[in-house]
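Chemist: based on what follows, work out the 3D shape:
(chains A and B)
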Number of protein chains: 2
Amino acid sequence: MTNKLAVGATIGILGGGQLGRMMALAAHRLGLKSHIYCPDAQSPAFDVTPLKTVAAYEDIAALSDFAQQVDCVTYEFENVPAATAAAITEVGTNLFPSAKALEISQDRLVEKRFISTVGIEVAPFAKVDSQAELVSAVQKIGLPAVLKTRRFGYDGKGQTMLKTEADIQTAFATIGEQPAILEGFVPFEKEISVIIARDQAGHVAAYDPAENVHKDHILKTSTVPGNITVAQGDTAKSIAEQLIIALDYVGVLGVEFFVVKTENGTQFVVNEIAPRVHNSGHWTEAACLVDQFEQHIRAVAGWDLGSPERHSNVVMENLIGDEITAGMNTTESNAQVHHYGKSEIRAGRKMGHINRIFAKKDAP
Amino acid sequence: MTNKLAVGATIGILGGGQLGRMMALAAHRLGLKSHIYCPDAQSPAFDVTPLKTVAAYEDIAALSDFAQQVDCVTYEFENVPAATAAAITEVGTNLFPSAKALEISQDRLVEKRFISTVGIEVAPFAKVDSQAELVSAVQKIGLPAVLKTRRFGYDGKGQTMLKTEADIQTAFATIGEQPAILEGFVPFEKEISVIIARDQAGHVAAYDPAENVHKDHILKTSTVPGNITVAQGDTAKSIAEQLIIALDYVGVLGVEFFVVKTENGTQFVVNEIAPRVHNSGHWTEAACLVDQFEQHIRAVAGWDLGSPERHSNVVMENLIGDEITAGMNTTESNAQVHHYGKSEIRAGRKMGHINRIFAKKDAP
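Modeler: Just a heads-up that it's a prediction; the model follows:
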């Protein structure tokens, strides 16, 4: 059953960073309003809409008030607390993607178990709540492996690599002795991601897979098409589709894969899923008529999805820290820049991105 | 000398309609803020930015206050009163395009004289301030001809066609006996327009000409490329370039042409110029990486222009009145829709537009 919002309706957005900002801009192009909820009064998304709430994610009264002022709620980050989600839905306002998607994606252990249950390949993993459990996890999985906190990890934060026996002694302390998961290291050849959307009527639309390159644990570039075959791309899309259907999901979902060469061919191991618009989907802004932000808004608004077709080949480059200055001054004729409006340049901070497109026949 | 604004600066925009709204959205993608000034509190542009002034264009105190809160001022309509423009610049805030561009483009007689002075072809014209002047103007120009008010005409309003002697008796009354201009009817084969931009350093960038079709005096479609030769397109661009330089202009300028078949070839007659982003440039949103709105913001912000290159062929269709409903529900894979967020559908009202793109090799 769909809840089709009329033009002029208001999309509530939890989170005021660049993803919230870009969702708001997309809503505005569709004639919808946006209301940003964020505890940080300096958030960049506050600069693009008159409707805002500055309050903590734990402030149930403020959340309840916000939810009653908007026509549906979505979010830019997967760490929305369960109580926050409940405060929205308790007043009768729809939350998309659902609390279930949050519950699964914000805990790496729950996420891995879920993906496995769907029958999709993940790295070998084991729960680690103590030093003793780490020792037995290493016995089971072997080295090298990566110890990750179950919650609140992003851009390489909250994780540490175990290469030698000595690392076993220090790893659990390194991540702050938090509930964790040990993952077998996947000897991947490349990383790709699929941005996929599902509307309220159950239709699914997947963008072409991007090949992603990280630098210092932060996404540096996404290239479409990646260096994979069409058949491999279709396999990745099909896995993403199985996941989005299993989640009974509404909105845009990011699915990250490790691509592994095996004796029998190529294996696609799901690294993680993100229940939101995704950095590796920013390329859609320049290479598609309907980008991931519009697609997400369409889905949460109860509208039909747009086409994920790509008119051009593209390389998206994140502009990190002071890279933003040169990026904004580009004179390349095939480049489009996007600045997130963050007032202060800081090392490692995502300040904007640049998309460079190429005719489909001239691969980049 | 350029006044290069930093990211985070605020663009002041006079006018809260769809053009102001789309300029604001473009500013936001570049990390700039926007402040809308409009007398109508229900204006659609107010929904996309927290910074606003609701006041009359004659309210000098409010204008002065507005101008001091922003880093430069631009506008979405050519009928900005001279006193309004002066109130902005008197407090030391830059106005782009300049008051000169307004002065010329808001009076059809001044405009025609200016274009002629630059050495560019216009329709035969004569000043009409009275019934007696109309009679002598018709003697000079002949029939058919069009009588237009010198000021405040748009979408066919404030004009009337004279075909027969009888029309001479009624025409001046029909347009309200306002100061007017009689223009000889141009037997055009087609209408085209060039959207051109000039930055503060004097660099110029022209988009490819669009072929425009009007219906009930309102733009219906813009097609790029139009049914003209490359050489003809270059001629039109070159005329637009002469005009924008002669105006010492900063920002995006729309130049409308009649294309006339003559014995010696093709003649380009300039119909009018619009010192602003232009409806016949909305196609750039889908077919270029840098659209006319971003280009305009870049120019007024003192930035370098982006590339006007076109990656696709395109047909832009205005969605007028209740056409918006079907337009927003399109499922075409090559279509992109834009809704202006106007709350009420009214006959003849521009509600949004749809761009359909085609690979360059497959002409639409």
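
Chemist: any idea which helix or strand comes after the helix ranked longest in chain A?
Modeler: Longest helix of chain A, by residue count under DSSP state H: helix A:230-246. Using DSSP states H and E, the next helix or strand after helix A:230-246 towards the C-terminus is strand A:251-262.

Chemist: can you pull the domain assignment for chain A?
Modeler: Per automatic domain parsing, the structural domains of chain A span A:10-95, A:124-184, A:190-358.

Chemist: who's in contact with the longest helix of chain A?
Modeler: A:114-115, A:118-120, A:192, A:194, A:196-198, A:202, A:204, A:206, A:208-209, A:225-226, A:228, A:253, A:255, A:257, A:259, A:266, A:268, A:270, A:273 (C-beta atoms under 8 Å, 6 or more residues apart in numbering or on different chains). The way it works is simple: take the backbone N, C-alpha and C, and place the C-beta from them, glycine included.

Chemist: residue of the stretch 151-300 of chain A closest to chain B, please.
Modeler: residue A:289 (4.0 Å; C-beta to the nearest C-beta).

Chemist: now tabulate the domains of chain A in TSV and tack on mean pLDDT.
Modeler: Formatted as TSV, the domains of chain A follow (pLDDT from 0 to 100):
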stretch	mean pLDDT
domain A:10-95	98
domain A:124-184	93
domain A:190-358	97
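
Chemist: now the ones you listed as CSV including distance to residue B:85 and mean neighbour count?
Modeler: Output for the domains of chain A, formatted as CSV (distance: least, C-beta to C-beta, whole Å; neighbours: other C-beta atoms under 10 Å in any protein chain shown):
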stretch, distance to residue B:85, mean neighbour count
domain A:10-95, 27, 21
domain A:124-184, 48, 17
domain A:190-358, 28, 20
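
Chemist: residue B:20: which of those is closest?
Modeler: When these are compared by C-beta to C-beta, domain A:10-95 sits nearest residue B:20, at 12.5 Å.

Chemist: and the stretch 151-300 of chain A, which of its residues are near chain B?
Modeler: Counting by C-beta under 8 Å from any C-beta of the partner chain, the stretch 151-300 of chain A comes close to chain B at A:286, A:289-290.

Chemist: contacts only, for the closest residue to residue A:301 other than its chain neighbours.
Modeler: Leaving aside its sequence neighbours, residue A:301 sits nearest to residue A:5 (C-beta to C-beta, 6 or more residues apart in numbering or on different chains; 4.4 Å). Neighbour list for residue A:5: A:11, A:32, A:71-72, A:301-303 [criterion: C-beta under 8 Å, 6+ apart].

Chemist: mind doing that once more with 7 Å?
Modeler: A:71-72, A:301-302 (C-beta atoms under 7 Å, 6 or more residues apart in numbering or on different chains).

Chemist: what of residue A:128?
Modeler: A:134, A:137, A:147, A:180-182.

Chemist: repeat for residue A:172
Modeler: With contact set as C-beta under 7 Å, 6+ apart, residue A:172 has these partners: A:131, A:134, A:147.

Chemist: quick one, what contacts residue A:38?
Modeler: A:15-16, A:45, A:54.

Chemist: quick one: it and residue A:46, what's the gap?
Modeler: 7 Å (C-beta to C-beta, to the nearest Å).

Chemist: ok, residue A:258 next?
Modeler: 37 Å.

Chemist: one step back: quickly note the distance from the residue nearest to residue A:301 to residue A:30.
Modeler: 10 Å.

Chemist: as TSV, the contacts of residue A:128 with secondary structure would be great.
Modeler: As requested, the contacts of residue A:128 are arranged in TSV below (DSSP: H, G, I helix; E, B strand; the rest coil):
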residue	secondary structure
A:134	helix
A:137	helix
A:147	strand
A:180	strand
A:181	strand
A:182	strand
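
Chemist: and these, which two are furthest apart?
Modeler: A:134 and A:181 (10.4 Å).

Chemist: in the stretch 51-200 of chain A, what residue spans correspond to strands?
Modeler: Remark: strands assigned in the stretch 51-200 of chain A by DSSP state E, counting those that start in this stretch are A:51-53, A:72-75, A:125-128, A:145-149, A:159-162, A:180-184, A:190-198.

Chemist: do you know which of these lies nearest residue A:307?
Modeler: Closest to residue A:307 of these is strand A:190-198 (C-beta to C-beta; 10.8 Å).

Chemist: what does the closest one contact?
Modeler: A:204-207, A:209-212, A:226-228, A:236-237, A:240-241, A:244, A:249-259, A:278, A:280-281, A:284, A:292, A:295-296, A:299, A:305.

Chemist: same thing with stretch A:256-268?
Modeler: A:121, A:186-193, A:228, A:232, A:235-236, A:239, A:269-272.

Chemist: quick check, the residue in the stretch 251-364 of chain A closest to chain B?
Modeler: Relative to chain B, the nearest point of the stretch 251-364 of chain A is residue A:339 (3.0 Å; C-beta to the nearest C-beta).

Chemist: for that residue, which non-adjacent residue is closest in space?
Modeler: Leaving out its chain neighbours, the residue that sits closest to residue A:339 by C-beta to C-beta, 6+ apart is residue B:31, at 3.0 Å.

Chemist: contacting residues around that neighbour?
Modeler: Contacts of residue B:31 by C-beta under 7 Å, 6+ apart are A:339-341, A:352, B:7-8.

Chemist: if we use 8 Å, what do you get?
Modeler: Neighbouring residues of residue B:31 by C-beta under 8 Å, 6+ apart: A:328, A:339-342, A:352, B:7-8.

Chemist: residue B:49 versus that one, what's the distance?
Modeler: The separation that residue B:31 has from residue B:49, given C-beta to C-beta, amounts to 14 Å.

Chemist: and for those two, which residues touch both?
Modeler: In contact with both residue B:31 and residue B:49: no residue, using C-beta under 8 Å, 6+ apart.

Chemist: now do the strands in the stretch 251-364 of chain A.
Modeler: Taking DSSP E, counting those that start in this stretch to define them, one finds strands in the stretch 251-364 of chain A at A:251-262, A:265-274, A:313-320, A:335-339, A:350-358.

Chemist: got a markdown table for those strands, with distance to residue B:141 too?
Modeler: Listed next are those as a markdown table, based on distance: least, C-beta to C-beta, whole Å:
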| stretch | distance to residue B:141 |
| --- | --- |
| strand A:251-262 | 60 |
| strand A:265-274 | 67 |
| strand A:313-320 | 54 |
| strand A:335-339 | 48 |
| strand A:350-358 | 50 |
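
Chemist: right, and the ones you listed - which one's nearest residue A:158?
Modeler: Per C-beta to C-beta, nearest to residue A:158 of these: strand A:265-274, 12.6 Å.

Chemist: in its sheet, which strands sit next to the closest one, and in what direction?
Modeler: Looking at strand A:265-274 with DSSP bridges, its partner strands are strand A:251-262 (antiparallel).

Chemist: tell me what angle the strand it pairs with forms with helix A:230-246.
Modeler: Per axes from the mean of the first three to the mean of the last three C-alpha atoms, to 10 degrees, the angle that strand A:251-262 makes with helix A:230-246 is 130 degrees.

Chemist: which one of the contacts of residue A:172 is nearest residue B:23?
Modeler: Among these, and counting by C-beta to C-beta, the member closest to residue B:23 is residue A:147, at 50.1 Å.

Chemist: for the nearest residue to residue A:345 once chain neighbours are set aside, grab phi and psi.
Modeler: In this structure, residue A:345 finds its nearest non-sequential neighbour in residue A:322, 5.5 Å apart by C-beta to C-beta, 6+ apart. Backbone torsions for residue A:322, taken as degrees, to the nearest 10, come to phi -80, psi 0.

Chemist: how far away is residue A:322 from residue B:245?
Modeler: 36 Å.

Chemist: which residues touch residue A:152?
Modeler: Listed by C-beta under 8 Å, 6+ apart, the contact set of residue A:152 reads A:79, A:106, A:158.

Chemist: if we go to 10 Å?
Modeler: A:78-79, A:106-107, A:158, A:178 (C-beta atoms under 10 Å, 6 or more residues apart in numbering or on different chains).
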